[in-house]
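Could you work out the structure for the sequence below:
(one chain, ligands or ions: 1)
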Amino acid sequence: MRMVLTGGAGFLGSHLSDRMLADGHEVVVIDNLITGRAENINHLSSHPRFEFIEQDACDPYPIDGAVDCVLHLASPASPPDFRRIPFETLRAGSFATHRALEFARDKGARFLLASTSEIYGDPPPEHHPQTEDYWGNVNSIGERSVYDEAKRYAEAVTMAFHREYGVRTRMVRIFNTYGPRMRADDGRVVTNFISQALRGEALTLYGGGNQTRSFCFVSDLIEGIYKLLLSDEVMPVNIGNPGEFKVRELAEIVLEMTGSKSVLKDVPLPYIDDPRQRKPDITRARTILGWEPKVPLREGLVPTIAYMRGEVLAQR
Ligand code: UDP
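Predicted coordinates:
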């Protein structure tokens, strides 16, 4: 099949590109490298079934010929990035999603939206863990809103294209994911803690560190997305690892695994709308896709720490 991936030079997009090429597909990546990186796909540049178009995913795609699948992954995805580039974040969820859907409709291609657990906002205890039919508790004007609301719009426009034009749409709600190729400076908790531990700096616990997250290793996530793409499921599907950890626990695991002497430091929460708990209910993925994650946190952290070590050394 011929696959078009917006955001294909990003953390997840580049791993998906690898996976699709390995399975014999043709891959066209569209990425303006605003948060993605050329080094994530440099190893593919001479691959005969790979093409890279450096441009904004909001602009028309210069792609002729048949296309089987369009995967819209392009978006800043770390909270410090939303703060730095709020309009690009809004446009990635809105205009770029519309563009990708129009392109998929015109080509008669299948479409997959990379949505997010941020759709659920800060869920109350009765909606923990989060199932796909929970509508969310999202702050429409907070600092995360440029991401959350753009992704909520993205889901809405995806359903509209499905209902109005019969586009074969798929939506994956991605929970916190980690692994090699994340930017050491992306500001997210896994990368911050590992790079702080490796540099001997204090690990920054925002707001006490009692909030929880569920961390999925990248290979598990890619497998889940791939299965969803090939399925007939139109409704959103959570893909994530239900293992739930307090941020403070993650810090302690990172210190132990890196052998670092760094200390933990409490710092104020930078965003008032930081969700207090997050954990996917993956019943739907298990039932419909026969998917579940295989890599526990400590196992996935081994290659992630090794990769970050290289990144931190390169920055010295
Ligand atoms: N966090 C933290 N220290 C950091 C970075 C993040 O305590 O240096 C916390 C953050 O407040 C959030 C959680 O870790 O509660 C996950 O943050 P991340 O930015 O990775 O992603 P989010 O799930 O919030 O989108």
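
which SS class is residue 233?
Applying DSSP: H, G, I helix; E, B strand; the rest coil to residue 233 yields a three-state assignment of coil.

Need the per-residue pLDDT for the residue found closest to it once you drop the neighbours it is linked to in the chain.
Computed as C-beta to C-beta, 6 or more residues apart in numbering, the closest residue to residue 233 that is not its neighbour in sequence is residue 288, at 5.3 Å. (Each C-beta comes from the backbone N, C-alpha and C, glycine too.) If you check residue 288, the pLDDT there is 98.

Next, work out how far apart residue 288 and the ligand are.
Note on residue 288: its distance to the ligand, by C-beta to the nearest ligand atom, to the nearest Å, is 25 Å.

following the host helix or strand of residue 28, which helix or strand comes up?
Using DSSP states H and E, residue 28 sits within strand 26-31. Following strand 26-31 in sequence order, the next helix or strand is strand 50-54 (DSSP H and E).

elements contacting the helix or strand following that following strand?
Per DSSP H and E, the first helix or strand lying C-terminal to strand 50-54 is strand 69-72. When contacts are defined as 3 or more C-beta pairs under 8 Å, 6 or more residues apart in numbering; DSSP states H and E, strand 69-72 sits against strand 2-6, helix 95-107, strand 110-116, helix 218-230.

Show me what the lowest-mean-pLDDT helix or strand in the chain is in contact with.
Lowest by mean pLDDT, DSSP states H and E among the helices and strands of the chain is helix 79-84, with a mean of 91. Helix 79-84 is contacted from outside by 35, 76, 89, 143-144, 146-147, 186-188, 270-271, 274, using C-beta atoms under 8 Å, 6 or more residues apart in numbering.

cutoff 6 Å now
With contact meaning C-beta atoms under 6 Å, 6 or more residues apart in numbering, helix 79-84 is reached by 35, 76, 89, 143, 146-147, 187.

Over to stretch 180-195?
Contact with stretch 180-195 is made by 11, 14, 40, 78, 80, 178, 203, 247, 251, 254, 303, 305, 307-308, 311-312, as judged by C-beta under 6 Å, 6+ apart.

what's the most distant pair in the contacts of helix 79-84?
Largest separation among the contacts of helix 79-84 by C-beta to C-beta: 35 and 143, giving 16.9 Å.

Looking only at neighbour counts, state which of those two leads.
Taking neighbours as other C-beta atoms under 10 Å, residue 35 and residue 143 compare with residue 35 leading, 23 against 17.

Using CSV, lay out the helices and strands packed on strand 69-72 together with distance to residue 19, mean neighbour count and mean pLDDT.
Formatted as CSV, the helices and strands packed on strand 69-72 follow (distance: least, C-beta to C-beta, whole Å; neighbours: other C-beta atoms under 10 Å; pLDDT from 0 to 100):
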stretch, distance to residue 19, mean neighbour count, mean pLDDT
strand 2-6, 10, 26, 98
helix 95-107, 20, 21, 98
strand 110-116, 13, 24, 98
helix 218-230, 5, 20, 98
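
Redo the ones you listed as TSV? Include distance to the ligand.
TSV is the format used below for these (distance: least, C-beta to the nearest ligand atom, whole Å):
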stretch	distance to the ligand
strand 2-6	20
helix 95-107	19
strand 110-116	8
helix 218-230	14
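
any chance of those in JSON lines, plus distance to residue 211?
Listed next are those as JSON lines, based on distance: least, C-beta to C-beta, whole Å:
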{"stretch": "strand 2-6", "distance to residue 211": "31"}
{"stretch": "helix 95-107", "distance to residue 211": "29"}
{"stretch": "strand 110-116", "distance to residue 211": "17"}
{"stretch": "helix 218-230", "distance to residue 211": "21"}
